[in-house]
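Undergrad: coordinates only, sequence not included:
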Ligand code: PEP
Ligand code: MG
């Protein structure tokens, strides 16, 4: 039966593929394809792990028999019997084999895929006793997965850097006849980075808002995605056909042939449009009236410098360094590791400037997704510069690494979420200290331009104070909107109120740009507003000449710039900002 699910449009384009449901708790299971001649050994690997678990349970049961007070252990013995029974379950075994032989999934992926199928059936059972057996099944599968973890797949073990991740490896695998789309209740930003190396054609999550970091990474990958689709992961079944319409924020599940044809056509149209955009790749970003505009890239990893250069970015306006710090079980990167990462980005940009933003963890970017921030209001808590200043040794390490990278090319240093004069002074003092530490050990380092992110209304209202200390400002509209409108950017329940065109937001953005221009200081926008082609003319009209966005958005924005005449946009943009209904005023 065909049905649709609505969510938040995150990343443009259409993806059509089979659903791969991944429970968030099993996100750390490796996903890759095997080849036809590896099917046998993969099934054997699973069989061996299962037999080992059967033996393990047998040993526990025997141990229980020898213990005094046999009756006390009756319940545990019965439970282990249930586990043994589930391990022999025909549906589990045959289903897993099918995923391996027909879909060429690796054993762990096949096992968790079949777990999802059976878990659904348990959920639908009337009998509460039977329904509760789902937990037993999950425990049994966990035991088998644990066994397999000790026995790596001989056929396609994940690379160390990707171990346990979401990678889907096509190398040496036969091309499957259809693409795959990932459906999950939630994905952390760190999961998304793993996802970058996979070839899922699109993804859907139940939770999340448009500017959550999960959505931002999706946009950087330029694959169709929908977040905040609420019950999608419950409604969609493993292997269902799914169309993801990333422009409309809609999913169509088990589409009819007519719908499939229509969306396949739309998909091709989108591809043609993108190819057309490539033609302006080398065209300088200059408006009709000769205003030069700087188009910079937002990156998450040093390797992202390559796509940034490919689309003609003239520098990196935002390197979100926190992705180097995530998913490492508390083992933060040391100075050497950070220095090499920043240096790779600097060298990757071949002499163009790189803006290294100091670490911004907290809120929806926990260091480790198993350790979510359980403070009451994490977005208002110890995140970004607040966290850095509370961990001065960590912050000094990062500053030293960035200063050393500056010895290899142009580096700007950007401080996130700063709002208080006291924070500014501490940053200055720690930066001087980091330089001194490098001098003391005669380490080579270079000069940096220092910038602050304007992300908190308080900062947008005290721009002159910031300009006394900083060389440039960068407006982080994602957070500026969140904090101005009191809307958690991650919460899909209030995502309809997250409005870049709210008059208050526009006034703060316009004011920041105007004050910087008046003092001849550089100002950029690096939040998602910069990459939205529908807002390019407005930002140009407000005087913005530096935009930083994901490489995948640069050409669309450039197209708007090439068509714009800033002389005509100035008065119009002011009228939009002064309107009670800017969205309507923009249409005039
Ligand atoms: C922003 O807040 O606009 C921004 C660019 O920073 P981040 O999205 O990483 O919070
Ligand atoms: Mg921010």
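TA: Yep, it's here. A quick note: this is a predicted structure, and the numbers were derived from the prediction, not measured. Ligands and ions are numbered 1, 2, ... in the order given.

Undergrad: Just the strands from the stretch 1-150 of the chain, written as ranges.
TA: In the stretch 1-150 of the chain, the strands defined using DSSP state E, counting those that start in this stretch lie at 3-6, 8-11, 14-22.

Undergrad: Now the ones you listed in TSV, please, with extra columns for distance to residue 491 and mean pLDDT.
TA: Every residue, glycine included, has its C-beta placed from N, CA and C. Conversion of these to TSV gives the following (distance: least, CB to CB, whole Å; pLDDT from 0 to 100):
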stretch	distance to residue 491	mean pLDDT
strand 3-6	17	95
strand 8-11	11	88
strand 14-22	22	89
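
Undergrad: Show me the shaky parts of the stretch 151-300 of the chain.
TA: Applying pLDDT under 70 to the stretch 151-300 of the chain flags the ranges 151-178, 190, 193-199.

Undergrad: Give me every residue in it that's in contact range of ligand 1.
TA: Residues of the stretch 151-300 of the chain that fall close to ligand 1, judged by CB under 6 Å from any ligand atom: residue 216.

Undergrad: Just want the residue of the stretch 151-300 of the chain that's nearest ligand 1.
TA: Nearest residue of the stretch 151-300 of the chain to ligand 1: residue 216, at 5.8 Å (CB to the nearest ligand atom).

Undergrad: any idea how far ligand 1 is from the nearest residue to that residue once chain neighbours are set aside?
TA: Setting aside the residues directly before and after it, residue 216 is nearest to residue 528 in space (CB to CB, 6 or more residues apart in numbering), at 6.9 Å. Distance, residue 528 to ligand 1, by CB to the nearest ligand atom, to the nearest Å: 7 Å.

Undergrad: close enough to count as contact, residue 528 and residue 478?
TA: Yes - Residue 528 is within contact range of residue 478, at 5.6 Å (criterion: CB atoms under 8 Å).

Undergrad: quick revisit: let's have the strands of the stretch 1-150 of the chain in JSON lines, adding distance to ligand 1.
TA: Below are the strands of the stretch 1-150 of the chain laid out as JSON lines (distance: least, CB to the nearest ligand atom, whole Å):
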{"stretch": "strand 3-6", "distance to ligand 1": "24"}
{"stretch": "strand 8-11", "distance to ligand 1": "13"}
{"stretch": "strand 14-22", "distance to ligand 1": "24"}
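
Undergrad: so where is the stretch 1-150 of the chain shaky, pLDDT-wise?
TA: Scanning the stretch 1-150 of the chain for pLDDT under 70 picks out 23-28, 64-76, 150.

Undergrad: can you give me the helices in it?
TA: With DSSP state H, counting those that start in this stretch, the ranges of helices along the stretch 1-150 of the chain come out as 39-65, 74-88, 90-103, 107-123, 128-149.

Undergrad: looking at the ones you listed, which is closest to ligand 2?
TA: Among the helices of the stretch 1-150 of the chain, helix 107-123 comes nearest to ligand 2, with 33.6 Å by CB to the ion.

Undergrad: where's the closest one relative to the chain centroid, distance-wise?
TA: Distance, stretch centre to chain centre, for helix 107-123: 25 Å (CA atoms, centre = their mean, to the nearest Å).

Undergrad: the inter-axis angle of it versus helix 74-88?
TA: 120 degrees (axes from the mean of the first three to the mean of the last three CA atoms, to 10 degrees).

Undergrad: for helix 107-123, which positions count as buried?
TA: 107-119, 122 (16 or more other CB atoms under 10 Å).

Undergrad: angle of it against strand 14-22?
TA: Compare the direction of helix 107-123 with that of strand 14-22 by the same axes, to 10 degrees and you get 80 degrees.

Undergrad: any idea how far the residue of the stretch 151-300 of the chain closest to ligand 1 is from residue 387?
TA: Remark: distance between residue 216 and residue 387 (CB to CB, to the nearest Å) = 19 Å.

Undergrad: neighbour-wise, which of these two wins?
TA: Legend: neighbour count by other CB atoms under 10 Å for residue 216 and residue 387, higher for residue 216 (25 against 21).
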